[in-house]
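Trainee: Please work out how this folds:
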Amino acid sequence: MKVVCSQSELNSALQLVSRAVATRPTHPVLANVLLTADAGSNRLSLTGFDLSLGIQTSIAASVETSGAITLPARLLGEIVSRLSSDSPVTLVVDDPDEQVQITSLSGNYQVRGMSADDYPDLPMVDSGMTLKLQPERLVQALKGTLFASSADEAKQLLTGVHLKFDQRALEAAATDGHRLAVLNVDDALQDAAVTDATDQEGFAVTLPSRSLREVERLMASWQSDEPVSLFCDRGQVVFLAADQMVTSRTLEGTYPNYGQLIPDGFTRTFGMDRRALIAALERIAVLADQHNNVVKFSSQPEDGVVQISADAQDVGSGSESLPANLEGDAMQIAFNVRYLLDGLKAMGSDRIVLHCNAPTTPAVLRSDEVSEAFTYLVMPVQIRS
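Mentor: Coordinates of the predicted model:
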């Protein structure tokens, strides 16, 4: 194998695929990236795969001899990133001992690799469900929900985001047991997007947040208006965008019926300016973070203000007052300030409404703009009098 390519393009491609390389590989070859050179297309393909998440991309190259090899991802990435960007990079593989010679204007390096035959194949989906997604709509759905998924591996299903496709709409939902984010996105799919329309109820899948963060990164840098293809079959999903691909296993099991968690009605509402509320919470969080992250909301309907306060034992206390449109009786309710800030920052509207019934029942944050179909449910923290 002999390839000449751009240092900057090779460096970017390595950084991309290395995010799918296992940090604690169960087999030595999983610590490597797979490089495949094709003289017919003059492309160099790079693949990272940890058996759960796979990322593949390709770059233009001058391929003198086709071939494939796997090389240590971290070592290769560090060498290539430090090479001069003024000079192309030449990769030459000496087949008998699987050693690669990396040549640039600034130097010459030898790296020992492993056979490409030992590298696992990326899952390919050749049947099942096929969808065409609008990239900016998919990014919108992921940004609005990924933050609410669980980091607790013991709650396997909750470490993902539940995606439900129906007609041209996409509903994304994520919960960690303490909060729930649900975002409905219209026109996320192209017309007649479901090619295998065996399920008239729509199609749903739960995918690991780690995989979807890579999809979000890929879509956010996607320069084209072309739709992104999603293929799903037998516990595997493939996202395909031009010469870049992300593969992921699905999370098996029945996702919680989150619709039942959202109360049908509310007796109290707090309407506030979103940016002013975020600014106040970030100031109060300086104290709240010192103790237990708890902030308390006290509504004062007669004055039209909400007082937000935090009391960090043995450290100090603070409070902020915000003008608000208040409905219902006065009340006190407390929340984890980090949960509130996460939800508020995922919203796009100028004004939000906090809906609640009692200090111990779920509260819901929504935009006061009908066009933003974002619902953020957060469990209050019980206040000890």
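
Trainee: what is the mean pLDDT for stretch 72-82?
Mentor: Averaged over stretch 72-82, pLDDT sits at 96.

Trainee: okay, it in CSV with CA atoms only?
Mentor: Once non-C-alpha atoms are left out, stretch 72-82 reads as follows in CSV (Å, rounded to 0.1, in the frame of the first residue of the first chain):
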residue,chain,number,x,y,z
PRO,A,72,-2.5,2.5,16.8
ALA,A,73,-5.0,5.3,16.9
ARG,A,74,-3.4,7.4,19.6
LEU,A,75,0.2,7.1,18.4
LEU,A,76,-0.8,7.7,14.7
GLY,A,77,-2.9,10.7,15.7
GLU,A,78,-0.2,12.3,17.7
ILE,A,79,2.4,11.9,15.0
VAL,A,80,0.2,13.2,12.2
SER,A,81,-1.0,16.2,14.2
ARG,A,82,2.6,17.3,14.7
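
Trainee: Sticking with the residue nearest the centre of the chain, tell me its helix or strand.
Mentor: Nearest to the mean C-alpha position of the chain, by C-alpha atoms, centre = their mean, lies Arg213 at 2.5 Å. Using DSSP states H and E, Arg213 falls within helix 209-220.

Trainee: Which strands or helices does the next helix or strand after that helix pack on?
Mentor: Sequence order places strand 228-233 as the next helix or strand after helix 209-220, per DSSP H and E. Judged by 3 or more C-beta pairs under 8 Å, 6 or more residues apart in numbering; DSSP states H and E, strand 228-233 is in contact with strand 129-133, strand 236-241. Where you see a C-beta, it was placed from the backbone N, CA and C, and this is true even at glycine.

Trainee: starting at the chain centroid, how far to strand 228-233?
Mentor: Distance, stretch centre to chain centre, for strand 228-233: 17 Å (C-alpha atoms, centre = their mean, to the nearest Å).

Trainee: looking at the chain, which helix or strand does the model trust least?
Mentor: Sorted by mean pLDDT, DSSP states H and E, the helices and strands of the chain end with strand 129-133, the least confident at a mean of 89.

Trainee: Now that strand - C-alpha only, CSV.
Mentor: Provided in CSV are the C-alpha atoms of strand 129-133 (Å, rounded to 0.1, in the frame of the first residue of the first chain):
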residue,chain,number,x,y,z
MET,A,129,-36.1,0.4,7.8
THR,A,130,-34.7,3.2,5.7
LEU,A,131,-35.3,6.9,6.5
LYS,A,132,-34.2,10.2,5.0
LEU,A,133,-33.6,12.8,7.6
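
Trainee: residues making contact with the next helix-or-strand element following it?
Mentor: Using DSSP H and E, the next helix or strand after strand 129-133 towards the C-terminus is helix 135-143. With C-beta atoms under 8 Å, 6 or more residues apart in numbering as the test, helix 135-143 has contacts from 161, 163, 170, 172, 183, 185, 187-188, 212-213, 215-216, 219-220, 222, 224, 227-228, 241, 346.

Trainee: Please apply the same query to stretch 278-287.
Mentor: 293, 295, 308-312, 315-320, 322, 337-338, 340-341, 344-345.

Trainee: In strands, which of these appear?
Mentor: 295, 308-312, 316-320, 322 (DSSP state E).

Trainee: Filter those residues down to the buried ones and hand me the PyMOL line.
Mentor: Of these, the buried ones can be selected in PyMOL as follows, counting by 16 or more other C-beta atoms under 10 Å:
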select buried, resi 295+308+309+310+311+312+318+320+322
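
Trainee: Put together JSON lines for the ones in strands among the contacts of stretch 278-287, with distance to Thr65 and pLDDT on each row.
Mentor: Putting those into JSON lines (distance: C-beta to C-beta, whole Å; pLDDT from 0 to 100) gives the following:
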{"residue": "Val295", "distance to Thr65": "64", "pLDDT": "96"}
{"residue": "Ile308", "distance to Thr65": "67", "pLDDT": "96"}
{"residue": "Ser309", "distance to Thr65": "70", "pLDDT": "95"}
{"residue": "Ala310", "distance to Thr65": "65", "pLDDT": "93"}
{"residue": "Asp311", "distance to Thr65": "70", "pLDDT": "90"}
{"residue": "Ala312", "distance to Thr65": "66", "pLDDT": "85"}
{"residue": "Gly316", "distance to Thr65": "69", "pLDDT": "90"}
{"residue": "Ser317", "distance to Thr65": "71", "pLDDT": "91"}
{"residue": "Gly318", "distance to Thr65": "68", "pLDDT": "93"}
{"residue": "Ser319", "distance to Thr65": "71", "pLDDT": "94"}
{"residue": "Glu320", "distance to Thr65": "67", "pLDDT": "94"}
{"residue": "Leu322", "distance to Thr65": "68", "pLDDT": "95"}
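
Trainee: OK, contacts around the residue nearest to Pro380 when sequence neighbours are not counted?
Mentor: Distances taken as C-beta to C-beta, 6 or more residues apart in numbering place Ile333 nearest to Pro380, at 5.1 Å, with adjacent residues excluded. Going by C-beta under 8 Å, 6+ apart, Ile333 touches 296-297, 356, 358-359, 363, 380, 383.

Trainee: C-alpha coordinates for stretch 353-363, CSV please?
Mentor: Extracted C-alpha coordinates of stretch 353-363, given in CSV (Å, rounded to 0.1, in the frame of the first residue of the first chain):
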residue,chain,number,x,y,z
VAL,A,353,-43.5,29.3,31.7
LEU,A,354,-42.9,27.1,34.7
HIS,A,355,-46.0,25.0,35.4
CYS,A,356,-46.5,23.4,38.8
ASN,A,357,-49.1,22.0,41.2
ALA,A,358,-47.4,21.4,44.5
PRO,A,359,-43.9,21.5,46.0
THR,A,360,-43.6,17.7,45.7
THR,A,361,-45.1,17.0,42.3
PRO,A,362,-43.4,17.2,38.9
ALA,A,363,-43.0,20.7,37.4
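
Trainee: Tell me where the model's unsure across the stretch 151-300 of the chain.
Mentor: The model of the stretch 151-300 of the chain has pLDDT under 70 over residues 191-201.

Trainee: Show me where it has its helices.
Mentor: 209-220, 274-291 (DSSP state H, counting those that start in this stretch).

Trainee: Taking the contacts of helix 135-143, please make a PyMOL selection of just the buried ones.
Mentor: To isolate the buried ones among these in PyMOL, judged by 16+ other C-beta under 10 Å, type:
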select buried, resi 161+163+170+172+183+185+188+212+213+215+216+219+222+227+228+241+346
